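Participant: When you get a sec, could you give me coordinates for this:
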Amino acid sequence: MQVQQNPSIPVNEVYWSLLHKADKKFSKIRELPYYHRNRHKVFKVYTQLWKFQQENRQKLVDAGLRRSEIGEIASRIAQLYLGQYMRTSKASYLSEAYIFYEAILSREYFKEGMFQDLSLANKQLRFISRFLVVCLLLNRRSLEGGDEEDAWRRVGVVENVGVGEGAGEGDGEAAGGIIKEEEEEAWRW
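Facilitator: Down below sits the predicted model:
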């Protein structure tokens, strides 16, 4: 369903109206148990919001839309897919959640201002934890781009912790020397 925009209403007001509507529906379904949740309406509103912000991205950015707000929309859509997977056990929902989470990671939506804004850092950590759960459920050991260490460094997760092949070999310095060399091998992706 296409959002009908009245030419007299500014794009940013239409966007904020859609966002408010989507947030309202999202908060309603979060309060219900999984078996009572009807995500169809929430999916529909978030789909409208996602398409609208894609079509009007430059106008919205000029009006003050931040990258983290775009990432928050994508994260909510991924949460909806993950919740639907938990409800139905259909792997296609889990794959869709992975696609959105991987896009958030690769496009670094939460990177900007993460160290200045505590709520943004909180959203970043929640995103990372959900993404890791999805990766574990899908048995994904590497990201689509191939360079996991670089991807995790971009979002500030990995500093001195070795990730991937050849990381921390020989001297046991992975995780600041906390993990012994033998244990390190078991925890490496």
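Participant: Would you map the helices across this protein?
Facilitator: For the chain, the helices defined by DSSP state H cover 11-30, 40-55, 57-62, 67-88, 91-107, 118-138, 148-154, 181-187.
Participant: Pick out the shakiest of those, pLDDT-wise.
Facilitator: Mean pLDDT across the helices of the chain is lowest at helix 181-187; the value there is a mean of 40.
Participant: Excluding chain neighbours, what is closest to Ala91?
Facilitator: Computed as Cβ to Cβ, 6 or more residues apart in numbering, the closest residue to Ala91 that is not its neighbour in sequence is Tyr85, at 7.4 Å. For every residue, glycine as well, the C-beta is placed using N, CA and C.
Participant: I figured that neighbour hits Tyr98, correct?
Facilitator: No. Tyr85 lies out of contact with Tyr98 (Cβ atoms under 8 Å); the separation is 10.1 Å.
Participant: Quick check: neighbours shared by the two?
Facilitator: Listed contacts common to Tyr85 and Tyr98 are nil; contacts here mean Cβ atoms under 8 Å, 6 or more residues apart in numbering.
Participant: how about a markdown table for the helices of the chain, with mean neighbour count added?
Facilitator: Shown next, in a markdown table, are the helices of the chain (neighbours: other Cβ atoms under 10 Å):
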| stretch | mean neighbour count |
| --- | --- |
| helix 11-30 | 15 |
| helix 40-55 | 16 |
| helix 57-62 | 14 |
| helix 67-88 | 19 |
| helix 91-107 | 18 |
| helix 118-138 | 16 |
| helix 148-154 | 16 |
| helix 181-187 | 12 |
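Participant: From Ile99, how far out is Tyr81?
Facilitator: In this view, Tyr81 and Ile99 are 9 Å apart by Cβ to Cβ, to the nearest Å.
Participant: Equivalent analysis for Leu105, please.
Facilitator: Leu105 is 11 Å from Ile99, where distance means Cβ to Cβ.
Participant: With Glu112 instead?
Facilitator: 22 Å.
Participant: got it, and Lys25?
Facilitator: Taking Cβ to Cβ, one finds Lys25 at 22 Å from Ile99.
Participant: Repeat that for Ala91.
Facilitator: Taken as Cβ to Cβ, the span from Ala91 to Ile99 is 13 Å.
Participant: can I assume Tyr93 is in contact with Tyr81?
Facilitator: Yes. Contact criterion Cβ under 8 Å: Tyr93 and Tyr81 qualify, at 4.8 Å.
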